[in-house]
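# Could you work out the structure for the sequence below:
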Amino acid sequence: MINIPRIAIKDTRYRWFALGATVIGCFMSVLDTSIVNIAMPKMMAAFAVDTKDAQWILTAYMLTMGVLQPTSGYLCDAFGARRMYLLSLFTFIVGSALCGMAWSNNTMIVFRIIQAIGGGLIMPISMSLVLQEFAPKERNMAMGVLGIAIAMAPAIGPTLSGYLVDYWDWRYIFTINIPVGIIGYIIAALVLRETKITRGTKFDFSGFITCSIGLFCLLLALSKGVDEGWDSAYIISLLYTAFGMLTLFVFIELNTADPLLDLSLFKDWNFALGNIVSFIVMATMMGSIFLVPLYLENLLGYTAMQSGILLLPAALAGGLLMPIAAKVADKFGAKPLVIVGAFFSLASTFPLMYVNLDTSYNYIMWTQILRGIGIGFSLMTVTVLTMSNVTGLQISRASAINNTIRQVSGSFGIAVLSTVLQNRQIFHTAHIAENINYGSAATAKMLSYWEKIFMHSGSSLGIAHKKALAVINGLVQRQSVIFSFDDAFFVLGIFSLSFLIAALLLKSAKSKDKQTLVIME
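Here you go, the predicted model:
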């Protein structure tokens, strides 16, 4: 890791410089959770592997991030947030460079793990740095700026990836991180001050082992549940292991002097409920980012680039609105903004329950813009409410908890919606097939129509009949897929309704004076 001396910045301006320095790393870290998906077919061809093997390129990154994020609080307290941020960003850059040079599927998986070791720590450490530097009354604006990275990166990822894959080379999705990362590293090294280091803090090995195994099994089960089957022995054993390890983890954390995650923070109403709201918000956001492109590409025939462009206005709306929402929250409080965001979330999901093959481009785009507005109002304002009663010395541990919950929630949302899509498609296929009466005039007319078309092209009557039946079967399958998407969007609407109910139960944050924090020169 390169050591760069800091520049002198006035105390009154430092916090804004620190915020700007961390946004770059946050954006890249979140971007890499979605940018790889579009390039998967190209990587499969380059490495000569099937989907099952290539899927580990995505899964390894997600699992590593989930396992490491709980450690961020201890690492910041024991070694300093500046040092850990720079080390994490440096590791992320090295991992990105290695991914760009990967020569096989196995090496890509290993290099993605290295990339995730850095990327998984960047976000919670950045949040910890920002929250420690800003007074409670200024946190709305600070988190609004930081939230631009979180809201825009997942939506920009597929668009950027589609462009690089179509017009350049899939390896650029990784190597593009190198120059941007180096610039971000230099800025952070020049600007950031070291935070207070807590001497004598012991690392909670028992908590780390149980938490790591529990989160690993839980995230792996959520990732593989649809492919393997939720009732398979493999998934059931993962879920039982996750439940057992996480239960043991809670017991250890409540009975140790230096816990990995300070669970006593959940005694605060806003922290406990705020994390539930954050879970629902992220599950809704990631679920929508998963469902909408799938619908556009599988049913409407859009390319990955076209679907990414459609989602871009929503990302821009959410990102640009966050600082504005922060200003409004400073005047009226964060809770009203969270509630408004929940209403916009509802308004964006329930209209999608009626999509079909004739749904227009503009219809989908405007529902996503409404979703973006909802995210802009709520994503980071709920974080401010969650952290409203957290003191300076607890911020790093609280940030670790909040980011770990966000990581699990995204996987949870995608897993639930994937399961709904799969199961409801099977249900609707069987239901439609049962109601087709081959003796009816309408069905006979359709069969006759297609038989004539195939016979006209040279097929015999028997072959034409079989082809006509295949066409009808294809129409049944297509309609069942449409109905399954409608059902999945209905579930997404339930997520949004839960978001609104939970938001109404939050307590408004009490105004506090600026916290005085100890900074090490």
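# Check the spacing between A102 and G493 real quick.
Taking C-beta to C-beta, to the nearest Å as the measure, A102 falls 40 Å from G493. Heads up, the C-betas are built off the backbone N, CA and C, glycines and all.
# do the same with V49
The value you get for V49 to G493, if C-beta to C-beta is used, is 37 Å.
# Check I114 too.
For I114, the distance to G493 - C-beta to C-beta - is 39 Å.
# buried stuff in whichever helix or strand R397 is part of?
Element membership for R397 (DSSP states H and E) is helix 395-434. Going by neighbour count (16 or more other C-beta atoms under 10 Å), the buried part of helix 395-434 is 395-422, 424-425, 428-429.
# What of stretch 237-245?
Buried-residue list, stretch 237-245, by 16+ other C-beta under 10 Å: 238-239, 241-242, 245.
# ok now it, how far from the chain's centre?
Remark: stretch 237-245 is offset 23 Å from the chain centroid, using C-alpha atoms, centre = their mean, to the nearest Å.
# Then stretch 171-179?
On C-alpha atoms, centre = their mean, the centre of stretch 171-179 falls 20 Å from that of its chain.
# got the buried residues for that stretch?
Across stretch 171-179, burial judged by 16+ other C-beta under 10 Å covers 171-177.
# Next, count neighbours for V355.
21 (other C-beta atoms under 10 Å).
# just checking, it touches I364?
Yes: contact criterion C-beta atoms under 8 Å: V355 and I364 qualify, at 7.4 Å.
# how far away is W103 from A46?
As defined by C-beta to C-beta, W103 lies at a distance of 9 Å from A46.
# So which of those two has more stuff around it?
With other C-beta under 10 Å as the criterion, W103 and A46 differ in neighbour count, and A46 comes out ahead with 18 against 9.
# Spatially, and excluding backbone neighbours, which residue is closest to F134.
Leaving aside its chain neighbours, F134 sits nearest to A142 (4.3 Å; criterion: C-beta to C-beta, 6 or more residues apart in numbering).
# Mark out where each domain of this structure begins and ends.
What automatic domain parsing lists as the domains of the chain is 11-203+258-425+483-520, 204-257, 428-482.
# Can you say which of these is packed in most?
Burial of the domains of the chain is given as mean neighbour count (mean count of other C-beta atoms under 10 Å); domain 11-203+258-425+483-520 ranks first at a mean of 20.
# centre of the chain versus that domain, how much separation?
Domain 11-203+258-425+483-520 sits 5 Å away from the centroid of its parent chain (C-alpha atoms, centre = their mean).
# Quick check: next helix or strand after the helix holding R397?
helix 441-456.
# Output the contacting helices and strands for that next one.
On a contact count with 3 or more C-beta pairs under 8 Å, 6 or more residues apart in numbering; DSSP states H and E, helix 441-456 meets helix 461-504.
# now stretch 87-106: mean pLDDT?
For stretch 87-106, the mean pLDDT works out to 92.
# ok, and the helix or strand in this protein with the lowest average confidence?
Lowest mean confidence among the helices and strands of the chain (mean pLDDT, DSSP states H and E): strand 519-520, at a mean of 34.
# now whatever helix or strand M286 lives in against helix 395-434, angle please.
Assigned by DSSP H and E, M286 belongs to helix 269-298. Counting by axes from the mean of the first three to the mean of the last three C-alpha atoms, to 10 degrees, helix 269-298 points 40 degrees away from the direction of helix 395-434.
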